[in-house]
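Asker: Sequence isn't available, so here's the structure alone:
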């Protein structure tokens, strides 16, 4: 009696035949269903959000909010370092390729809760430090706009994080910091913008976060597919296709061809170019009018024409004070703040291209900046604004 041949693959990879060992090194997925299930369980356990994930997300959101408030890039980097390991991104990718709805929803729920904590921390920092907000807001507006350089850092971070978690048991800190920097800073920016009422921060930062999150999950799924871990069910292909479709749509928005361009959300604000129109001044030229004056009759009446030059009065121009107008033109942020006094508390926010009347050509230096006294046209409030944020609409010799 002959028994059918059977193959036995031990758990120790070193005891496998050479051909099988080479294949095991090339493939991410284990060789048999049992090993594959154990591998999925291990990755699922490592990528599941825990209490530490939420706690460090809240801490990172607070530090990032302070960095945005004071325009300090070092604090933004520190907040990304304090952020938890962005392992739920790998969970989204693994849930996509395996077709596990439960695992996908659990990873997405953890990311949403962690994102809400970051958003709440940024909003709280903006509410408490509203009067301390830096007038330039350079870092804030940079992270509320979609940038191809930031997208490249996000792609590299997603690829390295997914590959590291599936190839080794160590913690990929560098790639996780890169993902936290690109995902958490725009989210904290949206929170700061919501409470400080700064223009072009809310909901721009939230849009940037959603775009980057969708692409991080898609790139993680593509990384798993490249490494050999492909969907086993029809739902896995369906979920992966839906995620790819969302990524393509968001890519079109990044390319300035979708709804993002139509609303101006998460895109750089165009700066207006002031146009000065010169009106020619009419010139009055005096003219001489000849006049014939008759002479009294004599014995020999003779009419002798005499040219008499009668001067014509010349128009005299009385100089009047020309009002000086200016327009708000901030290089970043799309607007500026009007303050009650030089370097004082803000009164209101003016968008770019807002027309103001310069009340005095005497400037005041306070807090290391030059301030100008203006009134918002036509009947707006009166206050002080930074000179460097204005462009004169009428010429002024002292400007």
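Answerer: Sure thing, it's come through. Remember, predicted model here, so these are calculated numbers, not experimental data.
Asker: Who is residue 391 paired with across the strands?
Answerer: Judged by DSSP bridges, the bridge partners of residue 391 are residue 327.
Asker: mind pulling up the phi and psi values for the spatially closest residue to residue 81 that is not a sequence neighbour?
Answerer: Using Cβ to Cβ, 6 or more residues apart in numbering and skipping residues adjacent in sequence, the residue nearest residue 81 is residue 177, 5.7 Å away. C-beta here means a position set from N, CA and C on the backbone, and glycine is covered the same way. Note on residue 177: its backbone torsions stand at phi -60, psi -40 [degrees, to the nearest 10].
Asker: which residues does residue 177 contact?
Answerer: Contact partners of residue 177, counting by Cβ atoms under 8 Å, 6 or more residues apart in numbering, are 80-81, 83, 157.
Asker: neighbours of residue 63, just the number please.
Answerer: When neighbours are counted by other Cβ atoms under 10 Å, residue 63 registers 22.
Asker: repeat for residue 204
Answerer: For residue 204, using other Cβ under 10 Å, the count is 26.
Asker: quick one: pLDDT of the residue nearest to residue 81?
Answerer: With respect to pLDDT, residue 177 scores 93.
Asker: Likewise for residue 95?
Answerer: Reading off the model, residue 95 has pLDDT 81.
Asker: May I ask you to confirm that it is in contact with residue 111?
Answerer: No: using Cβ atoms under 8 Å as the test, residue 95 is too far from residue 111 to be in contact (11.6 Å).
Asker: Comparing the two, which residue is more hemmed in?
Answerer: Set residue 95 next to residue 111 and count neighbours by other Cβ under 10 Å: residue 95 wins out with 25 against 22.
Asker: Residue 204 versus residue 82, what's the distance?
Answerer: According to Cβ to Cβ, to the nearest Å, residue 82 and residue 204 sit 24 Å apart.
Asker: Ok, residue 211 next?
Answerer: Distance, residue 211 to residue 204, using Cβ to Cβ: 11 Å.
Asker: Residue 173 now?
Answerer: Look at residue 173 and residue 204: by Cβ to Cβ, they are 29 Å apart.
Asker: Any stretches of the stretch 251-399 of the chain with poor pLDDT?
Answerer: The stretch 251-399 of the chain contains residues with pLDDT under 70 at 251-321, 393-399.
Asker: switch the cut-off to 80
Answerer: 251-323, 331-334, 360-362, 367, 378, 393-399 (pLDDT under 80).
Asker: same thing with the stretch 101-250 of the chain?
Answerer: Using pLDDT under 80, the flagged stretches of the stretch 101-250 of the chain are 130-140, 166-172, 199, 227-250.
Asker: Mind jotting down where the helices sit in it?
Answerer: Here the stretch 101-250 of the chain has its helices, by DSSP state H, counting those that start in this stretch, at 101-128, 138-142, 148-167, 173-196, 204-226, 234-254.
Asker: Nearest to residue 328, out of those helices?
Answerer: Among the helices of the stretch 101-250 of the chain, the nearest to residue 328 by Cβ to Cβ is helix 138-142 (15.1 Å).
Asker: Which two among the contacts of residue 177 are spaced furthest apart?
Answerer: 81 and 157 (13.5 Å).
Asker: Pick out whichever of the two has more residues nearby.
Answerer: Legend: neighbour count by other Cβ under 10 Å for residue 81 and residue 157, higher for residue 157 (25 against 14).
Asker: close enough to count as contact, that one and residue 175?
Answerer: Yes: with contacts counted by Cβ under 8 Å, residue 157 reaches residue 175, the gap being 4.6 Å.
Asker: What about residue 165, how many residues nearby?
Answerer: Here the number of neighbours of residue 165 (other Cβ under 10 Å) works out to 26.
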